[in-house]
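> Got a sequence here, can you build the structure:
(4 chains)
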Protein chains: 2
Amino acid sequence: MTSPKTSLSARPVPPTIRDVAQAAGVSLGTVSKGLNGTGQLREETRARVRSAAERLGFRPNDLAQSLLRRRTFTVGLISTDRYGRFSIPVLEGIEDALGTARMSVFLCNGADDPARERQHIESLLAKRVDGIIVTARRADPRPPLDLVDGSVPILYAFAQVADVDALCLLPDDLGGGRLAGDHLIRAGRARIAHVTGPVDFEAVRHRRDGLKQAIMEHGLTWRPELVISGEWSEAWGREAVARLLATRQTIDAIFCGSDQIARGAVDALRDRGIAVPDDIAVVGFDNWEIIAAATRPPLTTVDMNLHELGRQAGLRMLDLIDGGGERGIVRLPCSLVVRASCGQGDKQNTGQAADRPLS
Amino acid sequence: MTSPKTSLSARPVPPTIRDVAQAAGVSLGTVSKGLNGTGQLREETRARVRSAAERLGFRPNDLAQSLLRRRTFTVGLISTDRYGRFSIPVLEGIEDALGTARMSVFLCNGADDPARERQHIESLLAKRVDGIIVTARRADPRPPLDLVDGSVPILYAFAQVADVDALCLLPDDLGGGRLAGDHLIRAGRARIAHVTGPVDFEAVRHRRDGLKQAIMEHGLTWRPELVISGEWSEAWGREAVARLLATRQTIDAIFCGSDQIARGAVDALRDRGIAVPDDIAVVGFDNWEIIAAATRPPLTTVDMNLHELGRQAGLRMLDLIDGGGERGIVRLPCSLVVRASCGQGDKQNTGQAADRPLS
DNA sequence: GATCACACGGAAAAGCTTTTCCTGATTTCA
DNA sequence: TGAAATCAGGAAAAGCTTTTCCGTGTGATC
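Below is the predicted model:
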């Protein structure tokens, strides 16, 4: 212990199964069996092995196990989300699903830099992860992961990809739009404006279409002139309100494409002395707590259930690893979180409403 | 592709060095030497090996390499940050520093659940990572990682820990407070209120002390009655402004303990027709873009340079791995990001000002 | 008392790569 | 031409664990 051979940089070397064998006075294989409850061992031997292992603080080396089993029980998550707003909930969901299967998840940050992403993938592949999940939404479908030879299953969660053979989990943006529209209409609103993000986002088009469906199904008139697109920012929300009011159209509600936009809109309305929700009701999208709860009044908003989406991703990844061949685009339901920006609304409308027809 | 032998779960098995050897007609060792540029090989042989490896898409198995080298070239990052607001910048910084050294970083999400954290650590240890970095700030110093036998270096980045032997990287909150105070004073403010978070956060106390230092060094009066603590929320920022104004004290500036608080304060001031920065200047803390830039006017705020903190963490982790024995608390400078909530201020004050005396 | 079955635990191989050591073959020099 | 030096590449071990296959020793049975 205190021998002179402990050099400056001495760090205790983790004990191997060999050390345990020696300490317990048995052979390597016996230790393995003893610890794993396999083979035929006397209970007394097993106990001796266990206590030796405990005493030494033995922890099997995953590298050796993985090498042998040809499974690492690990999946990699590649994200490009610089704020973590979306990836963290997805990560947590994945961990929920995979933790049960005793698998670990590691997040690598692509930072929207293809070279970096490439490097991460190289590294994950070299480490022989059992699967790779790609996340983080962009405007255009992202290119499928290159330099992948099919030796490992890939799954896109909250990411679109231009590859029909890929498995892709996305929120049901259309359903989310319907949910918002339906909620507003049930709250008695009939002239609903839609202030949203850049139209090159597929999600933007889907949310708009969802709103349109809700409106039409309720027998109301769809007014394309009340849809205006801009950036994903509060400033745009404010400007959009200015523009809408300038047109002198009557509106009694605004469905916003994101909570940031919604917050800008609410602020702009309050600045002008227009009451939310009494004069104009507002519904947001994202349920980004930090924004939605701080808005005055707090935002009623659509939640994409990213945690659940992550959980589904984890579950499906397990399938994929086991050889399941699912592919295509799967849409997961959004739900509505009712706060105050829309009146108290009909509370039942929360939940999986996207699944049932609105008729 | 469509042959009947491709069973349901068929997934191409990655080629091993053995396959390459066979394809190139040489021995295992020769392939290794050929690919790694070691040993004595004819250039022609080397080329043959390389081309065979290329053709087969050979990628060395990190598991085997790591097992042999007793190094995985991987560090684990444990976070408890549910929003990723802090961990993602830190992660990116770490990746910057470690990427250069050809090492990977994996983030695991502790989700503030000790059991889960434990499990992650177990897993990282079993995978024999070369180091573990712990992140995410809390009110109280967190307990040091248990179940760690010293076999792997630990570093706390943006996390306090109750263990004097640990290496701990933290932002210089005191310097940040000084920076804010100094900026306000140079902008001509003399009666500065401080609206901040819960006092059980060490950072809260440091920021306050920094402000106090700046005030005293400029020969102004420190007024403890102008310091009020609450939660980290916009609502608290709004309420605090109401309270401050109710006391009828004259104030011409507010230094807020976070951008969220600052935003609430600015909103409350505007609601009352008080001009920011003309009547009251406001400085925030965090430089959380999404909040600071959306505030009207945009917030001048202290940036903790978390990316740089992460980079430093990565660098120091490399030292630790190489046997360096650094320990203790290291404070890294904050900087000031000037926007509009404080007038244009003296622009020079940006940067590493925390390092130089303010006299 | 000899044979059989069974319980227990050891030996060894496999999984993949790197590195050390060693053997032939070739070249160099006397 | 023979000895020494150099070159090229093969063989094998190490790193750690699991699992299969065997070889003991014990008790039971005839």
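> When you work out contacts or count neighbours from here on, use the C-alpha atoms and nothing else.
Will do.
> Tell me where the model's unsure across the stretch 1-150 of chain A.
In the predicted model, the stretch 1-150 of chain A carries pLDDT under 70 at residues A:1-9, A:139, A:147-148.
> got the residues of it near chain B?
A:8-14, A:59-64, A:66-67, A:82-85, A:88-89, A:91-92, A:104-109, A:111, A:120, A:123, A:126-128, A:149-150 (Cα under 8 Å from any Cα of the partner chain).
> Show me these that map onto strands.
Those of these mapping onto strands are A:104-109, per DSSP state E.
> which one of the residues you listed is nearest residue B:210?
residue A:109 (34.3 Å; Cα to Cα).
> Do I have it right that the closest one meets residue B:93?
No. If you go by Cα atoms under 8 Å, residue A:109 and residue B:93 don't touch, sitting 10.6 Å apart.
> the domain parsing of chain A - what is it?
Domains of chain A are assigned by automatic domain parsing as A:73-172+A:306-332, A:173-304+A:335-355.
> Including mean neighbour count, could those go into JSON lines?
Formatted as JSON lines, the domains of chain A follow (neighbours: other Cα atoms under 10 Å in any protein chain shown):
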{"stretch": "domain A:73-172+A:306-332", "mean neighbour count": "20"}
{"stretch": "domain A:173-304+A:335-355", "mean neighbour count": "21"}
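> Out of those, which is closest to DNA strand C?
With Cα to the nearest atom of the strand as the measure, domain A:73-172+A:306-332 is the member of the domains of chain A nearest DNA strand C (8.6 Å).
> and the closest residue to residue A:67 other than its chain neighbours, what is it in contact with?
Closest residue to residue A:67 apart from its sequence neighbours, by Cα to Cα, 6 or more residues apart in numbering or on different chains: residue B:63 at 6.2 Å. Residue B:63 is in contact with A:63-64, A:66-67, A:126-128, counting by Cα atoms under 8 Å, 6 or more residues apart in numbering or on different chains.
> distance of residue B:63 from residue A:47?
According to Cα to Cα, to the nearest Å, residue B:63 and residue A:47 sit 31 Å apart.
> Flag every residue of the stretch 51-200 of chain A that's near DNA strand D.
Taking Cα under 7 Å from any atom of the strand, the part of the stretch 51-200 of chain A that reaches DNA strand D is made up of A:58-62, A:64-65, A:68.
> which of the residues you listed are buried?
Listed as buried from these are A:58-62, A:64; burial here means 16 or more other Cα atoms under 10 Å in any protein chain shown.
> Just send those back as JSON lines, with distance to residue B:337 too.
Listed next are these as JSON lines, based on distance: Cα to Cα, whole Å:
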{"residue": "A:58", "distance to residue B:337": "50"}
{"residue": "A:59", "distance to residue B:337": "48"}
{"residue": "A:60", "distance to residue B:337": "49"}
{"residue": "A:61", "distance to residue B:337": "47"}
{"residue": "A:62", "distance to residue B:337": "46"}
{"residue": "A:64", "distance to residue B:337": "50"}
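> Closest to residue A:323 out of those?
Distance ranking of those against residue A:323, using Cα to Cα, places residue A:62 first at 23.0 Å.
> unless I'm mixing things up, the closest one is touching residue B:126, no?
Yes. Look at residue A:62 against residue B:126 with Cα under 8 Å: they come within range, at 5.3 Å.
> out of the domains of chain A, nearest to residue B:211?
Taking Cα to Cα, domain A:173-304+A:335-355 is the member of the domains of chain A nearest to residue B:211, at 27.1 Å.
> Does chain B have contacts with the closest one?
Yes. Applying Cα under 8 Å from any Cα, one finds domain A:173-304+A:335-355 touching chain B at A:233-235, A:294.
> can you tell me which of the residues you listed are in helices?
A:234-235 (DSSP state H).
> May I see the residues of domain A:173-304+A:335-355 next to chain B organised as JSON lines, with distance to DNA strand C added?
What follows is those, written out as JSON lines (distance: Cα to the nearest atom of the strand, whole Å):
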{"residue": "A:233", "distance to DNA strand C": "48"}
{"residue": "A:234", "distance to DNA strand C": "51"}
{"residue": "A:235", "distance to DNA strand C": "53"}
{"residue": "A:294", "distance to DNA strand C": "53"}
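> Within reach of DNA strand D, which of the residues of domain A:173-304+A:335-355 next to chain B are there?
When Cα under 7 Å from any atom of the strand is applied, no member of the residues of domain A:173-304+A:335-355 next to chain B is adjacent to DNA strand D.
> hmm, back to that, tell me how far the residue nearest to residue A:67 lies from residue A:66.
Taken as Cα to Cα, the span from residue B:63 to residue A:66 is 7 Å.
> helix/strand/coil for the closest residue to residue A:295 other than its chain neighbours?
Counting by Cα to Cα, 6+ apart, residue A:295 lies nearest to residue A:263, which is 6.0 Å off, once chain neighbours are set aside. Under DSSP: H, G, I helix; E, B strand; the rest coil, residue A:263 falls in the helix class.
> Show the contacting residues for residue A:342.
Taking Cα under 8 Å, 6+ apart, we find residue A:342 in contact with A:184, A:187, A:276-277, A:281-283, A:299-300.
> Looking at those residues, which gets the smallest pLDDT?
pLDDT across the contacts of residue A:342 is at its lowest for residue A:276, which sits at 90.
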